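let's see this in three dimensions:
(2 chains, ligands or ions: 2)
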Amino acid sequence: MAIRTVIIGGKAGEGVKKAAQVVANTLFRQGWQVFQADDYQSLIKGGHNFSSVSFSDSEVHTAYAKANLLISFDQRSYTAHSEDMADADSLHVYNSDMTPEAVQEARGKTLGLPLSTMMKQIYGPGGNVSLAAVSVFFLWMGYPQAELEAVIAREFKRNVEDNISYAKAVYQAARQAGIGGSQIPDSEFPLISMEQSVQRFTSGNQAMALGAWLGGLDFYYAYPMTPASSILHYLALKTTTHKVYAIHAESELAAANMAIGSVVSGARTAIGSSGGGFALMQEAFSLAGITEAPLLCFLASRPGPATGVSTYTAQEDLPFALNQGHGEFARIVAAPDSPQRAFSLAAELLSLAWEFQCPVILLSDKHLSESSQNLTLPDEVPWARVEQGVPGSSYQRYSITESGVSPLLFPGSENIDDNTVIKWNSHEHLPSGLRTDKAEAMIAMKDKRNRKSPAISIATQRHERVAFYGEQGTPVFAYGSGVMELREARKHCSKPFIIVALIYLTPFPSEELSVYSGKEIITLEHSSTGNLDRFIRQNLDVSIKHSVLRYDGRPFDPLELAKIMEDIL
Amino acid sequence: MMRDLGTGKENTWCTGCGNFGILNAVKKAIGELVENGSKLSDFAITCGIGCHGKIFDYLALSGIYGLHGRGTATAQGMKLANPALKVISFGGDGDSLGEGLEHTLFAAKRNMDITLILHNNGNYGLTTGQFSPLSEPGYKGLSTPLGSIEKPFRAIPLLLEAGASFVARGFSARPDHLTELIIAALNHKGFSFIEVMQPCVSYNNNYAYLNQKVKLLEVIPTTQAHAIDLASDPDHVYLGVFSRKNLPVYHELLYGSANPQKDRPDYLHRQDILHAK
Ligand SMILES: Cc1ncc(C[n+]2csc(CCOP(=O)(O)OP(=O)(O)O)c2C)c(N)n1
Ligand code: SF4
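Ligands and ions are numbered 1, 2, ... in the order given. Alright, predicted model coming up:
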């Protein structure tokens, strides 16, 4: 079935994203496969924001730039999107109070409605123009007014009566202007009931937070930084129901060091930030390395360096993620290739961190972290287990073992007697955890830690370290949201290609990729210098025929990317 | 009899260093607390980096030797994950009022139920005596050969202002008094802060000065203004408790009487929560 797209645009503060969420959620509850992406600026009022919701009866991996239904709350949105109609049947509904002289668009139909005047008539001062978008969408889909009222009452809790009056007024006005039920088959309400199902509609950040929690997460420490902030917000909301504690610390330095404190007390703990904040966590990342603290770290990238572009997407932080911290120590770095993967990967990584007592990084980017998609809850995820030591005066936190993993005990837990001393240390240390600078002791402890690396490499093979999409054609290597873009573009590309999605980056999945040795490949990433290229070349003997680089902060439109792929394949 | 709290590790503090007095007072305080019913296994320690931090290696207690400046952040994380722990953070003046000032102030602001013992030796001992946030103007060190041109912080007024609910000052050369303060701090529910005047024989030997200036506070000052005046008195170094208040503590505001370490939902419970309507 065809893929349809609804785009809603307006000023920050007009509820663009909220309207899109209601649209996306309604579609999701109807049984559609939905993808929602939000393009917004780092400001609270004004500017131009727009949200895109693409949907189909099969999985949609990223949003489309051209819309079947466009709704503009203001002049700027009207102008910005006047070229963004998908086809002649597309419809652009705009606010005629804000856009008095609409021009005839290149294709599609336009309809001006006095959204602001109607709002004033119903609410007096104030009001919520975003409801208008929901109304227009309902009518366009052919959904009955009664269902619209129910959704408005459920989703917009403030000022319910006026909201319903306004939504009804817009619905009626749009109907009188001739917008009918849509041509989309099976759009009657309700298609199926999602209430009981194992599907959720979540953002990448929500998925990774929830997945980590299911795998055992107890504490999350962070300092807000887009696009990682919604992990903090989401977990904070779950405090009561999920018994997970999300702490907004005074800084990233605080967050990371508090987190390691909680690990010492036995809590499964995570931290998260974007590049700038993650840079501040580096010393603590190394602390996790030398103390062998299992610590899950979410790194959600945006364009850098430094403050960069706060609310847009990038994959510039690959080398930063791979080389996080100073000094030598084992770690795992992996990047989900969808919000769906983010859920299971977060749990996998948390459990690997505890199995091997090392820091792990889940690397994502704004497009993956903040876009929402259908999520199917997996039956099982790995559970972060602890290899328990034996309490008593002979317990040593850093006992020298064959595997390099020293069993753990936690101060103050029930099995701990007065003679058990559990000492973690940021200095190089003896098995007892006491500090040392002796040559042989240094070698022994470094060797112990290093022995974990081969086992980590083998253990990661329990999981899907590389995903392949497609059967034949040139291999195209990508990771993170690059994979999502390619999967959607592949639907429209006449020439075949296989997507090689790198999920585990460190340790490098050589076993899965050895078949490409000596072959020609293409790469795609959101970077200006080709980080992924360099990373692949370091690890694999391939010749890179073409690198698709994008670094304007925007995700690819699948149709645009399909054209690019046809040109280079 | 309680076991020995020493580790047998070779002590590398300079002979005569004030840190010895602090170490002995901590051992005695914990000994007395255990005698009065506290569980030794419930004590946990952390520290920053500096001469003060070495106390971690000389105490056979569980915990983590943290990063420079970050001990009090780490201490808060330890406490939150297991509120049954009595957590002590040992800090230096460079460590806790310079590199990690934010964590000191925020632990006080939150009334986090932990104890911070500040080893105030007026300089960066371990890195060869540079000036610290508490050094007096004119202090000459390797980084300030012409004398410090900065005014120092006053630790106690700073902590009172930040919201610490127990604030005291001790002197490493008055170990019995210091022991009492540490016991009171560990018994206090809420954030407790002890500034310990700790002479550094190598870079800031102020024994004579302190011995001449110290004076015991007779009562706890009744107002914050009075406490601040006494703490900043140029003629005396007052020792004793400057403030003690009963205020709600962070972890109880966060999760009441629960203990996240003991009450964590297991995997099946989490599956149930996940699928609950
Ligand atoms: C991030 C970091 N910066 C710098 C240092 C070097 N360093 C170690 S101790 C110290 C200062 C110690 O002064 P203070 O905290 O007053 O402790 P003291 O040695 O006087 O007890 C410094 C700067 C370090 N270990 N880590
Ligand atoms: S340098 Fe000063 S603080 Fe450090 S051990 Fe020597 S006397 Fe003590």
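
OK, contacts around A:Lys120?
A:Gly127 (Cβ atoms under 8 Å, 6 or more residues apart in numbering or on different chains). No exception for glycine: its C-beta is placed from N, CA and C like everyone else's.

that one sits in which helix or strand?
When secondary structure is defined by DSSP states H and E, A:Lys120 falls within helix A:115-123.

same check, this time on A:Ile179
Here A:Ile179 is assigned to no helix or strand, by DSSP H and E.

okay, now it: neighbour count?
Counted by other Cβ atoms under 10 Å in any protein chain shown, the residues lying close to A:Ile179 total 20.

quick check, pLDDT for it.
Note on A:Ile179: pLDDT of 86.

okay, it and ligand 1: tell me how far apart.
Using Cβ to the nearest ligand atom, to the nearest Å, A:Ile179 is found at 63 Å from ligand 1.

look up how far A:Ser56 lies from that residue.
Between A:Ile179 and A:Ser56 the distance is 22 Å, computed by Cβ to Cβ, to the nearest Å.

just say helix, strand or coil for the residue nearest to B:Met78 when sequence neighbours are not counted.
Leaving aside its sequence neighbours, B:Met78 sits nearest to A:Gly261 (Cβ to Cβ, 6 or more residues apart in numbering or on different chains; 4.1 Å). Secondary structure of A:Gly261, reduced to three states by DSSP: H, G, I helix; E, B strand; the rest coil: helix.

what sits against A:Gly261?
Residues touching A:Gly261, when contacts are defined by Cβ under 8 Å, 6+ apart, comprise B:46, B:64, B:66, B:73-81.

thinking again about what came up before, mean confidence score for whatever helix or strand comes next after the helix holding A:Lys120?
Heading C-terminal from helix A:115-123, the first helix or strand you meet, by DSSP H and E, is helix A:130-141. Averaged across helix A:130-141, the pLDDT comes to 95.

next, the angle helix A:115-123 makes with helix A:130-141.
Orientation of helix A:130-141 against helix A:115-123 (axes from the mean of the first three to the mean of the last three Cα atoms, to 10 degrees) gives an angle of 110 degrees.

helix, strand, or coil at A:Val405?
coil.

from chain B, how far out is it?
Counting by Cβ to the nearest Cβ, to the nearest Å, the gap between A:Val405 and chain B amounts to 18 Å.

mind checking pLDDT for that residue?
Confidence per residue is given as pLDDT, and for A:Val405 that number is 98.

for the closest residue to ligand 1 within chain A, give me phi and psi.
When you check chain A against ligand 1 by Cβ to the nearest ligand atom, the closest residue turns out to be A:Glu283, at 6.1 Å. Backbone torsions of A:Glu283, given as degrees, to the nearest 10, read phi -60, psi -40.

I'd guessed it sits against B:Leu67; true?
Yes. With the criterion set as Cβ atoms under 8 Å, A:Glu283 and B:Leu67 qualify as a contacting pair; they are 6.0 Å apart.

so the two - more neighbours on which side?
The neighbour count for A:Glu283 versus B:Leu67, taken as other Cβ under 10 Å, is higher for B:Leu67 (27 against 18).

wait, that one touches A:Phe285, no?
No. Counting by Cβ under 8 Å, no contact exists between B:Leu67 and A:Phe285, whose distance comes to 10.9 Å.

return the residues of chain B in contact with ligand 2.
Near ligand 2, the residues belonging to chain B are B:13-14, B:17, B:19, B:51, B:121, B:125, B:200-203 when assessed by Cβ under 6 Å from any ligand atom.
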